[in-house]
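In: need a structure here:
(2 chains)
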Protein chains: 2
Amino acid sequence: MQSAEVKFKKNSLLLALRRYSSAVSDMEQTILLPSLLRDVPSDEVWDNGAAEESCDDLYGNYLILKAIRNTVENSSVSLDDHKTKKTTALNKTLEPLLNTDPETLFHFHLRGLFSVMSDLTKKTQCLTEKYKDIIGVAN
Amino acid sequence: MQSAEVKFKKNSLLLALRRYSSAVSDMEQTILLPSLLRDVPSDEVWDNGAAEESCDDLYGNYLILKAIRNTVENSSVSLDDHKTKKTTALNKTLEPLLNTDPETLFHFHLRGLFSVMSDLTKKTQCLTEKYKDIIGVAN
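Out: Residues are numbered from 1 along each chain as shown, chains lettered A, B, ... in the order given. Next comes the predicted model:
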C-alpha cells in the first residue's frame, strides 16, 4: 500500500481522498467521547454561512465528516440520496454548466472535488484539535 | 485487476474513471490512422453548443479524449494549466458555490465528476464506432 502511494503526485485526487480518509481515522481514534462535542458551537471549524443550517454543533460536524469518509471509502456516488434536493437547488442556479463542453466540466469538477477534499481534511484536523482543547490535552 | 474491480459498486467514481480509461484504450487500439478523422465534423460525437469552440473535427475530439485519459490515469489535478482561464470564467458565473457548505459541495462535485466521466466514456465509444464507419468495418 505504501509503495503504491509513493507514486502519487502532490496534486492527486486519489491522494487527497486518502489524506481525508486518514484524517477522519485520526479524528475517530482521538475523539473517544464524541458526546463532549454536543452543544459546542461549530463556527470555528465549519466557518461559512451555511453552518447554522447544516450542522449546529461540533457533534453535527463530527457525524458529517464521518459520513463523507464512508462515501469516499466506498467511492459511491449517491444519485438519489437525501442530499438530492439541496444539490438540485444548487444545479438550478448553475445553468451555465449546461452549456459547458465536457472537457472544461471535467477539469471544473476534478479541481472542485480536490479543493473540497483539502478543505474537509483541514476541518477534520481542526475538529480533532478542538476536541483536545476541550479535554485539556496539550498539543 | 479483475478481482479488485468486482468489489466496485455500480455508481462508483473509481469504476467510472476506469471505464473511461478502458474506453480510450479501445479507441486507441481501433483507431490506427487517427489522421482519417481530420476534417470530419464532430457534431455527432461532441454534440453540444461548445463543439465549435473546443474541437472542430473528430481528430480534435480524439486528442482531447486522450489528454483527459492521461489526467485521469495520473489522477493529477492541474491547478494552473491551460484550462485555468476557461474554468476561472466558469467559476465567476458560479458564485452561488461560494456560499455552499462543504458537504453539499462534496456531493455536487462527486456527482458532477461521475456524470461527466460517463458522458466522456459514451463519446469515446461513439468516436470509435464512427471511425469504424469511416474505414468501412461492420459493427
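In: buried ones in the helix or strand harbouring residue A:115?
Out: Element membership of residue A:115 [criterion: DSSP states H and E] is helix A:102-135. Applying a neighbour-count criterion of 16 or more other C-beta atoms under 10 Å in any protein chain shown, one finds A:102-117, A:120-121, A:123-131 buried in helix A:102-135. To be clear about C-beta, it is placed using only N, CA and C from the backbone, and glycine gets the same treatment.
In: and chain B, which of these contact it?
Out: Residues of the buried residues of helix A:102-135 in contact with chain B (C-beta under 8 Å from any C-beta of the partner chain): A:102-114, A:116-117, A:120, A:123.
In: average model confidence for the helix holding residue A:115?
Out: Taken as a whole, helix A:102-135 carries a mean pLDDT of 94.
In: and that helix, what other elements does it pack with?
Out: For helix A:102-135, the packing partners by 3 or more C-beta pairs under 8 Å, 6 or more residues apart in numbering or on different chains; DSSP states H and E come out as helix A:13-30, helix A:58-74, helix B:58-74, helix B:84-93, helix B:102-135.
In: give me the angle between the third one and helix A:13-30.
Out: In this case it means helix B:58-74. Angle, helix B:58-74 to helix A:13-30, by axes from the mean of the first three to the mean of the last three C-alpha atoms, to 10 degrees: 30 degrees.
In: which one in chain A is furthest away from the centre?
Out: Within chain A, the residue lying farthest from the chain centre (C-alpha atoms, centre = their mean) is residue A:99, at 28.4 Å.
In: from chain B, how far out is it?
Out: Residue A:99 sits 5 Å away from chain B when distances are taken as C-beta to the nearest C-beta, to the nearest Å.
In: and residue A:42, by the same measure?
Out: Distance from residue A:42 to chain B, by C-beta to the nearest C-beta: 11 Å.
In: residues touching the residue nearest the centre of chain A, list them.
Out: In chain A, the C-alpha nearest the mean C-alpha coordinate belongs to residue A:120, at 3.4 Å (C-alpha atoms, centre = their mean). The contact partners of residue A:120, taken as C-beta atoms under 8 Å, 6 or more residues apart in numbering or on different chains, are A:20, A:65, A:68, B:102, B:106.
In: quick one: the last one and residue B:129, what's the gap?
Out: Just to be clear, that refers to residue B:106. 35 Å (C-beta to C-beta, to the nearest Å).
In: neighbours of residue A:20, just the number please.
Out: A count of nearby residues for residue A:20, using other C-beta atoms under 10 Å in any protein chain shown, gives 25.
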